[in-house]
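Trainee: From the sequence below, what's the structure:
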Amino acid sequence: MAEVADKKDAYEVLGVSRNANDNDLKKAYRVLAKKYHPDANPGDKEAEERFKEASEAYAILSNEENRKKYDQYGWTAFDPNGNGGDSGFDFADMGDIFGDIFGDMFGGGAKKTQTTGPVKGADIKTTIRCTFEEAVFGTQTEIELPLKDECPVCKGTGAQPGHPAETCGKCGGKGQVAFTQQSLFGMNRTIQTCPDCQGTGKIIKFKCSNCAGSGFVKSKKNIQIKVPAGIDNGQSIRLREMGEPGINGGGRGDLIVSILVDKHAIFSRQEYDLYSTEKLSFTQAALGGRINLNTIDGPYEYSIQPGTQNNTKIKLKGKGVPTLRNKNVRGDHYVTLAVEVPDNLTEEQKQILARAKDPYGVEVRAATDSLGGFSFGGHRKKKKGFKNL
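Mentor: You can find the predicted model right below:
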């Protein structure tokens, strides 16, 4: 504490009249504390002094007994070297005075939470596996999970019937206890969950024999899961209020189901589009005609042009995956045609190919001959990009 002769009047420091009430004092101090707090003015020695000065003045005037002494004797009432005063004032006792102020303004560990009120239950997470087709078109499946329910014996209290829980003596039923510590810039007040009642505010001396005091019992339940059309690997389904039960009347948590989708032997997926590759014989590519393409809906007949080249890409519009928002709106299916060229021809087949060459060895002539399942038609220029159906 500074020398008594040098100290400013406490009322003047706070900027209030001598008949100010408790609300006036607190309001004035909050303004000054917010303005001069060291956390808001790092390294500013003048602000630090103003903060300490205001805190000391508020500590004196906010306490009824200390205020009476101050009004009668001034600062000398708290000067241990003074003649008429006493040293009853201790700056370290200011924690209870400042706790709610600093907790609200600076969050210095004094956040208050009502743990004895209704608390929502925890979410439960699980995983199911489905086939590629089930993810595309949707499905319904059933899973078995052990879920908690309110104990029918104690009705969720955890106490044996006839022996109700008692109010916790440590926290007075609040579920929280406060701790005050001196720091460089004043008192820090923290509020923690009561270690005796674990935040419930109640002490159970005689636990329920059916649930061992937990208030809940577990049982296996069959749950229907509707997997929507278009869901992708790694996405989740949330079932409201199918999780753990709440505390003190709180609602149940949710059941979150993650989806694992098996790979497909033919199709791959990117968002709502499908991709696949179809093999095409040398004869089919040369002569063209109608072929069957594999789609997620089944075989699809498609006409290819004579002279179709290897890696020709086809776009089947609306043959992809249904969207989650509207199953009637679908992505597209992209098919890449892979032409298979024979690598072990017979001598006779080689001769037919040789005769089909033009004199310059570039173009393949139209031919009606066929042998060994190979037919040859006119050569066409390579087509680029996707063919739209």
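Trainee: who are the neighbours in contact with the closest residue to R129 other than its chain neighbours?
Mentor: What sits nearest to R129 in space, not counting adjacent residues and going by CB to CB, 6 or more residues apart in numbering, is L260, at 4.6 Å. Bear in mind the C-beta positions are built from the backbone N, C-alpha and C, glycine included. Taking CB atoms under 8 Å, 6 or more residues apart in numbering, we find L260 in contact with T127, I128, R129, C130, N233, G234.
Trainee: ok, now V13?
Mentor: So V13 contacts E53, A54, A57 (CB under 8 Å, 6+ apart).
Trainee: can you check C211 too?
Mentor: C211 neighbours (CB under 8 Å, 6+ apart): C151, V153, C154, G158, V217.
Trainee: ok, the first one touching S209?
Mentor: Yep, that's C151 we're talking about. No: using CB atoms under 8 Å, C151 is not in contact with S209, being 10.0 Å away.
Trainee: So the spatially closest residue to F216 that is not a sequence neighbour: helix, strand or coil?
Mentor: Nearest residue to F216, sequence neighbours excluded (CB to CB, 6+ apart): K148, at 4.1 Å. Per DSSP: H, G, I helix; E, B strand; the rest coil, the local secondary structure of K148 is strand.
Trainee: how far away is K148 from S236?
Mentor: Plainly put, K148 is 21 Å away from S236 if you go by CB to CB, to the nearest Å.
Trainee: So which of those two has more stuff around it?
Mentor: Neighbour totals were compared for K148 and S236, and K148 leads with 19 against 11 (other CB atoms under 10 Å).
Trainee: Find me the pLDDT at the more buried one, would you?
Mentor: Looking at K148, its pLDDT is 89.
Trainee: show me the contacts for it.
Mentor: Taking CB under 8 Å, 6+ apart as the test, what K148 contacts is F216, V217, K218, E244, P245.
Trainee: Among those, which one lies nearest to P228?
Mentor: Nearest to P228, judged by CB to CB, of those is E244 at 24.7 Å.
Trainee: Tell me how many other residues crowd that closest one.
Mentor: 18.
Trainee: now G199
Mentor: When neighbours are counted by other CB under 10 Å, G199 registers 21.
Trainee: same thing with Q284?
Mentor: Using other CB under 10 Å, Q284 has 19 neighbouring residues.
Trainee: How about H333?
Mentor: H333: 25 neighbours (other CB under 10 Å).
Trainee: Would you mind giving me the confidence score for it?
Mentor: At H333, the model reports a pLDDT of 97.
Trainee: So it sits against L316, correct?
Mentor: Yes: if you go by CB under 8 Å, H333 and L316 touch, sitting 4.1 Å apart.
Trainee: What segments of the stretch 151-300 of the chain are strands?
Mentor: Ranges of strands in the stretch 151-300 of the chain, per DSSP state E, counting those that start in this stretch, are 166-167, 176-183, 186-193, 202-203, 216-227, 236-239, 255-261, 268-270, 273-281, 289-295, 298-304.
Trainee: Turn the ones you listed into JSON lines, including mean pLDDT and distance to N328.
Mentor: As requested, the strands of the stretch 151-300 of the chain are exported to JSON lines (pLDDT from 0 to 100; distance: least, CB to CB, whole Å):
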{"stretch": "strand 166-167", "mean pLDDT": "88", "distance to N328": "60"}
{"stretch": "strand 176-183", "mean pLDDT": "70", "distance to N328": "54"}
{"stretch": "strand 186-193", "mean pLDDT": "70", "distance to N328": "52"}
{"stretch": "strand 202-203", "mean pLDDT": "86", "distance to N328": "55"}
{"stretch": "strand 216-227", "mean pLDDT": "92", "distance to N328": "18"}
{"stretch": "strand 236-239", "mean pLDDT": "94", "distance to N328": "21"}
{"stretch": "strand 255-261", "mean pLDDT": "95", "distance to N328": "21"}
{"stretch": "strand 268-270", "mean pLDDT": "96", "distance to N328": "19"}
{"stretch": "strand 273-281", "mean pLDDT": "94", "distance to N328": "17"}
{"stretch": "strand 289-295", "mean pLDDT": "94", "distance to N328": "17"}
{"stretch": "strand 298-304", "mean pLDDT": "93", "distance to N328": "18"}
